[in-house]
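> Test case, fold it:
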Amino acid sequence: MAVKIKDIETLWKQYSEDVVKKGISVAQYFESNGVPYRTFEKWYKKKYSSTGILDCVVSGSPDESLQDPDEGKSGTIENRRDVYVSYVNIGLSNGVRIEHHRLSYGELICFINKLQSLCSA
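Got it, this is the predicted structure:
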């Protein structure tokens, strides 16, 4: 059975919006919906094959004023529990994939710092 690109796009949108929160892997989701993972992977690589660094904007990030605890503010970003990134997916040129789900703002900052130290080594 041939899989249509439109079907893959629809499944990917549904996965990104709803299913990822349930902790189901991409491979499991597509296989259970009749799309071989290799087919999905080819589509994904073709669609998102741009290289380079992308800017990341976190919707709902805390005010900048919360970043400096020396100014006597009520809390720091790391203590905020209402701000999180639902999904991070990084593909490296050597085929390694790094995925994280539901990172708090502080966890995201820690994750980025670890990536920076790996990249600069």
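> can you pull the contacts of Val20?
Counting by Cβ atoms under 8 Å, 6 or more residues apart in numbering, Val20 makes contact with Ser86, Tyr87, His101. Using the backbone N, CA and C atoms, a C-beta is placed for each residue, glycine as well.
> Now do the SS call for it.
helix (DSSP: H, G, I helix; E, B strand; the rest coil).
> Local confidence estimate at it?
pLDDT for Val20: 79.
> just use 45 as the starting number from now, easier for me
Sure, I'll start numbering at 45, so the last one becomes Val64.
> Let me know the distance separating it from Leu162.
24 Å (Cβ to Cβ, to the nearest Å).
> buried set for stretch 56-65?
Trp56, Tyr59, Val63, Val64 (16 or more other Cβ atoms under 10 Å).
> Distance to Val79 added to those residues, as JSON lines?
What follows is the buried residues of stretch 56-65, written out as JSON lines (distance: Cβ to Cβ, whole Å):
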{"residue": "Trp56", "distance to Val79": "10"}
{"residue": "Tyr59", "distance to Val79": "11"}
{"residue": "Val63", "distance to Val79": "13"}
{"residue": "Val64", "distance to Val79": "16"}
